[in-house]
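>>> Take a look and give me a structure for this.
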Amino acid sequence: PILSRQARAMPRVHRCRFVDYRPSAVHGIVFEHPLRPDNIRVAVSRSDASIELWNISAGWLMERNIPGALESSIEALAWHDGRLYSAGLDSFITEWDLNTLSPKASVDSCGGPVWALAVNSALGILAAGCEDGCVKLFSIADGGLEYIRSCDKQEGRILSLAWGRDGMLVSGNAASTIRLWDVSTGRCRGHVAVQDETKLEKTLVWSVQVLPDNTIVSGDSRGRTQFWNAAFGTLRCAVRAHEGDVLAIVSRDDEHVYAAGIDGRLVLLRRVPGATYRWVVEAVKRHHTHDIRAIAIGAEGSIVTGGVDTTLIVYPPSSHVVKIPPFHRRHHAALARDARVLLYQFTDHLQLWRLGTAGETTTPAQQLLRLKPSIAHHITCSAISSDASLVALSTAQEVRIFQLAIEGDRVQVSKVPSELAACHAMQFVGLRMLVALSADGRLQILQLDDDDLSEIPLPESDTSRAPLLDVAPDGKHLAVAFDRVHIVDLTAGTVVGTIARPKRPVTAIKWLANSHDLAMATSDKKIAVVNTRTLARTAWTEENFKRFPISWIFSRDPILHLAIDTARPNTIFAVTPSNFAVIRIDTALPEPAKDKAAKDKAKRDKRKKGDTEDDASAPGKLDDEPEKDESPAFRVVRKYKPLLFFDFAAPHEAVVVERPWLQIMASFPAPVYRTRYGM
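Presented below is the predicted three-dimensional model:
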């Protein structure tokens, strides 16, 4: 039975909007040619020099995030035979180890900053376009990365590269020229001048592509998409479909070309049937608010775009457009429950906030500390002890631990020596123990009282997925998730069980209050509860695993976190970036056939206007009561969004960290002006 609001204890909520989260612009998007049909990956680079690895087969799930270096930038990406390469303003070309997320090999381009990369898999050659006007060639055959030669120097930096048939390499530069290269000698085979004679300034050739029939397509700073005959270097057709620079071009076949630029429009150009050299605009889409810097096309025909507005837009071949917002795919926050302190992790520093209070006297949230250590790389993970006396963070190179002494509004910080290896996940156990999962998959246990460092060997797992850690409430057991979930006895220092690999990747894990049941969320947004003593799914899971509402399963946001309110131990909160579901695991879910009303309601709610923009850091009420057409066993709360963090600081007391999209957009540069009706 559904209890009345008066009969139920309503949770209070700290609604926090003080976190100044600013996502980074998209600089590059590259599809990996699928080695297996069920494992198609996309690499996305951003302006903070980080690289995201997305799994398409799992429903656009971000599996890993390669942390960038501070004061760095990645301008180009390339895949070859499952190997990922990047290059940028530091002049180095780097091959990445996708398991440890660290550089596997790195070579100097010897030509300054690198603006473009292009791979010829048949020849085993990686071409790099450099600041000094040279195209550098590297051999990537047999797993190596070795310098071959430099092509003849030309005026202006190399901005774009593309391979054509028979090993022909095409480059576009910042001096109004497209050149064709013989890679066996490094000599120029021919060139094309793209500058208008009536203009004095140089034309920047931002993008080039070579169609299967050897037609060269270029996009330039004058808003033109031009088609060239490669054999004679003559212009066949020019289309001006943009209001500014054309920054990116991709082609699907001989008949279709996609172009995008600073006006935020994606333009589909089609060859006129029967007219070899005539191209026309077939469609225009404008889902971005700012510059589109990158386009990629997948083997199945999906188009992906990204740019300054930080959002990825996916155009599937036979379904609706999908927007992937730029919010964290794992929580970057943690609570020190005993001290009522919230820790939030940024790329180069940590912020500590004391939660507000409400009652006769209302106290707003207060920032206690901005901890910015001297580091060269992004922070990959962090943790805080329950009494806020210890804070730990890790970069790709080292772990730092700090002792905090909080006295009123003042915080004294001192360093704690540590020999922990760089890690991808960490969590405090009690007040003086830190568990950390190293980049190479080793589970490290640090006892801070006696500075004792030990390791617990884990069974072999697929470490290409982001690891997850969660400590049981009794502090005696630990769950570690890769492709499988391992149960570790911290007292004995051994792995006591491994849960069978689920069909879909695990996106979140959480121990229940009884310390022997573990909840697991998968990429299809289903939740299973497993008894870690028997390693079998609970009776509730067996009965309800296939009963989750269709509208919930097919919504795009993955479950990033599971939260438990100790006052309601049989209730799980499944958190996504746009909402959270309240699931009772002591009540049966309704049959899917009865879910049509919930689907219709979800569509109506999606059209409703969001909540007010005021900042309410003091506790309010958590509206998680079921609507008339919702089940008491499963309901979705959409009041708080976008969600950066959700958890419980105490029984009946939730902490919600939001970052309204309008606040994020205020940090973007001004878009290209375009006339709107009535303005």
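
>>> send the alpha carbons of stretch 518-525 over as CSV?
The C-alpha trace of stretch 518-525 is given here as CSV (Å, rounded to 0.1, in the frame of the first residue of the first chain):
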residue,chain,number,x,y,z
LEU,A,518,25.3,-6.0,-3.6
ALA,A,519,23.2,-4.0,-6.1
MET,A,520,24.6,-3.8,-9.7
ALA,A,521,23.4,-1.5,-12.5
THR,A,522,24.1,-2.4,-16.1
SER,A,523,24.2,-0.3,-19.3
ASP,A,524,20.7,-1.3,-20.2
LYS,A,525,19.5,0.5,-16.9
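
>>> for it, the distance to its chain's centre please.
With CA atoms, centre = their mean, to the nearest Å as the basis, stretch 518-525 stands 19 Å off its chain's centre.

>>> what's the answer for stretch 442-449, then?
Relative to its parent chain, stretch 442-449 has a centroid offset of 29 Å by CA atoms, centre = their mean.

>>> And stretch 13-23, by the same measure?
For stretch 13-23, the distance to the chain centre is 19 Å (CA atoms, centre = their mean).

>>> end-to-end on it?
End-to-end span of stretch 13-23 (CA to CA, to the nearest Å): 25 Å.

>>> Likewise for stretch 368-383?
16 Å.

>>> Going by neighbour count, list what's buried in that stretch.
Buried residues in stretch 368-383, counted by 16 or more other CB atoms under 10 Å: Leu368, Leu369, Leu371, Ile375, His377, His378, Ile379, Thr380, Cys381, Ser382, Ala383. For the C-beta atoms, the positions are set from N, CA and C on the backbone; glycine is no exception.

>>> tell me the two of the residues you listed that are most distant?
Largest separation among these by CB to CB: Leu368 and His377, giving 25.2 Å.

>>> about what we covered before: nearest to Pro558, of the buried residues of stretch 368-383?
Cys381 (18.8 Å).

>>> Just list the residues touching the closest one, thanks.
Going by CB atoms under 8 Å, 6 or more residues apart in numbering, Cys381 touches Gln345, Leu393, Ser394, Cys423, His424, Ala425, Met426.

>>> what would those look like in CSV with secondary structure?
As requested, the contacts of Cys381 are exported to CSV (DSSP: H, G, I helix; E, B strand; the rest coil):
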residue, secondary structure
Gln345, strand
Leu393, strand
Ser394, strand
Cys423, strand
His424, strand
Ala425, strand
Met426, strand
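
>>> now the residues you listed as CSV including neighbour count and distance to Pro364?
Output for these, formatted as CSV (neighbours: other CB atoms under 10 Å; distance: CB to CB, whole Å):
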residue, neighbour count, distance to Pro364
Gln345, 21, 22
Leu393, 24, 26
Ser394, 29, 31
Cys423, 28, 34
His424, 24, 34
Ala425, 21, 32
Met426, 24, 30
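
>>> thinking again about what came up before, of all the buried residues of stretch 368-383, which comes closest to Arg400?
Nearest to Arg400 among those, with distances taken as CB to CB, is Ile375, at 7.6 Å.

>>> Assign a three-state SS to the closest one, would you?
Relying on three-state DSSP, one would call Ile375 coil.

>>> isn't it right up against Thr395?
Yes - counting by CB atoms under 8 Å, Thr395 is a contact partner of Ile375 at 5.2 Å.

>>> hmm, back to that, give me the subset of the buried residues of stretch 368-383 lying in helices.
Among the buried residues of stretch 368-383, no member is found in helices (DSSP state H).

>>> how many neighbours does the closest residue to Gly441 other than its chain neighbours have?
Distance criterion CB to CB, 6 or more residues apart in numbering; nearest residue to Gly441, sequence neighbours excluded, is Thr463 at 4.7 Å. Using other CB atoms under 10 Å, Thr463 has 20 other residues around it.

>>> got it, and Thr491?
Neighbours of Thr491 (other CB under 10 Å): 9.

>>> got a pLDDT number for it?
pLDDT for Thr491: 92.

>>> Look at it and give its secondary structure.
coil.

>>> Please name the residues that touch it.
Applying CB under 8 Å, 6+ apart, the residues near Thr491 are Lys476.

>>> I'd like the distance between it and Ile456.
11 Å (CB to CB, to the nearest Å).

>>> Could you do Ile559 as well?
From Ile559 to Ile456 the distance is 27 Å (CB to CB).

>>> repeat for Gly301
Counting by CB to CB, the gap from Gly301 to Ile456 is 46 Å.

>>> returning to that earlier point: quick check, nearest of the contacts of Cys381 to Arg64?
The nearest one, if we look at the contacts of Cys381 relative to Arg64 and count by CB to CB, is His424, at 8.9 Å.

>>> who touches that closest one in this structure?
Taking CB under 8 Å, 6+ apart, one finds Leu101, Thr380, Cys381, Ser394, Leu437, Ser438, Ala439, Ala466, Pro467 in contact with His424.

>>> Repeat that for Trp60.
Trp54, Val314, Val322, Ile324, Arg556.

>>> roughly how far apart are it and Tyr640?
Trp60 is 23 Å from Tyr640, by CB to CB.

>>> Could you give me the buried positions within stretch 572-587?
So, applying 16+ other CB under 10 Å, buried residues of stretch 572-587: 572-585.

>>> Now do it: distance from first to last residue.
12 Å.

>>> Flag the shaky bits of the stretch 301-450 of the chain, pLDDT-wise.
Along the stretch 301-450 of the chain, segments meeting pLDDT under 70 span 359-360.

>>> try 90 this time
301-302, 316-320, 327-331, 356-364, 408-409, 418, 430, 438-442, 449-450 (pLDDT under 90).

>>> Going along the chain, name the helices of it.
Per DSSP state H, counting those that start in this stretch, the stretch 301-450 of the chain has no helices. Nothing in it meets that criterion.

>>> that older thread, nearest to Trp163, of the contacts of His424?
For the contacts of His424, the nearest to Trp163 is Leu101 (28.4 Å; CB to CB).

>>> Confirm for me that the closest one is in contact with Ala396.
Yes - using CB under 8 Å, Leu101 is in contact with Ala396, at 6.7 Å.

>>> For those two, list the residues in contact with both.
Common neighbours of Leu101 and Ala396 (CB under 8 Å, 6+ apart) are Pro67, Thr380, Ala439.

>>> Check the first one and give its pLDDT.
Pro67 carries a pLDDT score of 93 in this model.

>>> Please report how far the spatially closest residue to it that is not a sequence neighbour lies from Leu404.
Closest residue in space to Pro67, ignoring its immediate chain neighbours: His378 at 3.8 Å, by CB to CB, 6+ apart. Counting by CB to CB, the separation of His378 from Leu404 is 22 Å.
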